[in-house]
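Chemist: Sharing a model that was predicted from the sequence below.
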Amino acid sequence: MRLILLGPPGAGKGTQAAYITQKYGIPQISTGDMLRAAVKAGTPLGLEAKKIMDTGGLVSDDLIIGLVRDRLAQPDCSQGYLFDGFPRTIPQADALKHAGIPLDYVVEIVVPEENIIDRMSGRRVHPASGRTYHVTFNPPQAAGVDDITGEPLVQRDDDREETVRKRLAVYREQTRPLVDYYSQWAASGDKDAPAYRQLSGLGTVDEIRERIFEALQR
Ligand code: AP5
Ligand code: ZN
């Protein structure tokens, strides 16, 4: 299984990625998680990326494309992969296409902007694994700690309301064009085009997981 999860910040890409990767036994390639790991490690890339991420802007295409190319070269990607938060610009999508990286599906999770601020303000993450919770909508078994490791959960630096609003604007301008890009490619009859599946991201986490599993069987 080779797929892209597409959708605005807070759509639930990271939350659903955990179920899909488990079901299909494939790695999650989250450029956001990779950048946050670089920030935490204090690498030059991380220091550069942090400035941009904290404003809600996008890290340069060249940098991201290099990061993904290196990741795909690792042996665990030979049986498939899930892209979460990549591609998010037309040049990134073109780079993937021109490199001939095979894709079976693009799954778009649609969530209206008015629902997103609430999701972000209650989000808590386990930094080491990327596991994601919500204080109300998807709480951990014990408050403030990760279900599996028992380690503390934290809030993301870019989840402040003004940064979320900027990220939504960046999504509208730079990432939403990928909806047309992939749906038109799917409709073109090109045998290499991934199938396009659009589904609502409103409902419980379990409902959306079932919606996605069903969409990946068609
Ligand atoms: P990234 O980490 O990719 O952030 P994002 O795309 O903005 O998405 P989020 O992680 O915020 O949301 P999500 O869809 O994963 O939602 P989640 O499952 O957590 O990128 C961060 C930054 O890195 C970017 O701004 C950019 O600077 C940089 N970057 C990354 N990739 C890049 C690229 N390719 N090019 C350039 N720059 C790049 O869910 C959100 C919350 O909602 C959680 O609390 C969750 O528990 C809750 N929730 C989930 N599902 C439901 C539900 N059904 N009902 C209620 N609540 C729910
Ligand atoms: Zn995410």
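Modeler: Thanks, I have the structure now. Note that the structure is predicted; figures quoted are calculated from it, not measured. Ligands and ions are numbered 1, 2, ... in the order given.

Chemist: contacts and neighbour counts: CA atoms only from here.
Modeler: Will do.

Chemist: Now do the buried residues in the worst-scoring helix or strand of the chain on mean pLDDT.
Modeler: Among the helices and strands of the chain, helix 113-121 carries the lowest confidence by mean pLDDT, DSSP states H and E, at a mean of 91. With burial defined by 16 or more other C-alpha atoms under 10 Å, the residues of helix 113-121 counted as buried are I116, I117, R119, M120, S121.

Chemist: wait, which of the residues you listed is closest to ligand 1?
Modeler: Out of the buried residues of helix 113-121, the one with the shortest distance to ligand 1 is R119. That distance is 4.1 Å, counting by C-alpha to the nearest ligand atom.

Chemist: Determine whether any part of the helix or strand E207 falls within lies close to ligand 1.
Modeler: With secondary structure defined by DSSP states H and E, E207 is part of helix 205-215. Yes - figure legend: helix 205-215 in contact with ligand 1 (C-alpha under 6 Å from any ligand atom); contacting residues V205.

Chemist: Which other helices and strands does that helix contact?
Modeler: For helix 205-215, the helices and strands in contact under the criterion 3 or more C-alpha pairs under 8 Å, 6 or more residues apart in numbering; DSSP states H and E are helix 13-24, strand 195-200.

Chemist: if we go to 10 Å?
Modeler: Contacts defined by 3 or more C-alpha pairs under 10 Å, 6 or more residues apart in numbering; DSSP states H and E place helix 205-215 against helix 13-24, strand 105-110, strand 195-200.

Chemist: Give me the buried positions along that helix.
Modeler: Neighbour-count burial for helix 205-215 [16+ other C-alpha under 10 Å]: I208, R209, I212, A215.

Chemist: Nearest residue to the spatially most central residue of the chain in space, please, no chain neighbours.
Modeler: Of all residues in the chain, the one closest to the mean position by C-alpha atoms, centre = their mean is D84, 2.7 Å from it. Beyond its immediate neighbours in the sequence, the residue positioned closest to D84 (C-alpha to C-alpha, 6 or more residues apart in numbering) is S30, lying 4.6 Å away.

Chemist: wouldn't that neighbour be in contact with T21 here?
Modeler: No - between S30 and T21 no contact is recorded; they are 11.7 Å apart, counting by C-alpha atoms under 10 Å.

Chemist: now the farthest one out in this structure, which residue is it?
Modeler: Relative to the C-alpha centroid of the chain, counting by C-alpha atoms, centre = their mean, G189 is the outermost residue, at 26.8 Å.

Chemist: Distance of that one relative to S183?
Modeler: From G189 across to S183, the span is 11 Å (C-alpha to C-alpha, to the nearest Å).

Chemist: and L178, what is it in contact with?
Modeler: Contacts for L178 were tallied using C-alpha atoms under 10 Å, 6 or more residues apart in numbering; they are L6, G7, P87, R88, T89, I90, Q92, A93, E108, Q184.

Chemist: filter these down to the ones close to ligand 1.
Modeler: P87, R88.

Chemist: Restricted to helices, list the contacts of L178.
Modeler: By the criterion of DSSP state H, membership of the contacts of L178 in helices covers I90, Q92, A93, Q184.

Chemist: The protein against ligand 1: which residues are in contact?
Modeler: Taking C-alpha under 6 Å from any ligand atom as the test, the list of the chain residues beside ligand 1 reads 8-15, 31-33, 52-53, 56-60, 64, 85-88, 119-120, 122-124, 132-134, 137-138, 167, 201-205.

Chemist: which of those count as buried?
Modeler: Among the residues of the chain next to ligand 1, those classed as buried by 16+ other C-alpha under 10 Å are 8-15, 31-33, 53, 56-59, 64, 85-88, 119-120, 122-124, 132-134, 138, 167, 201.
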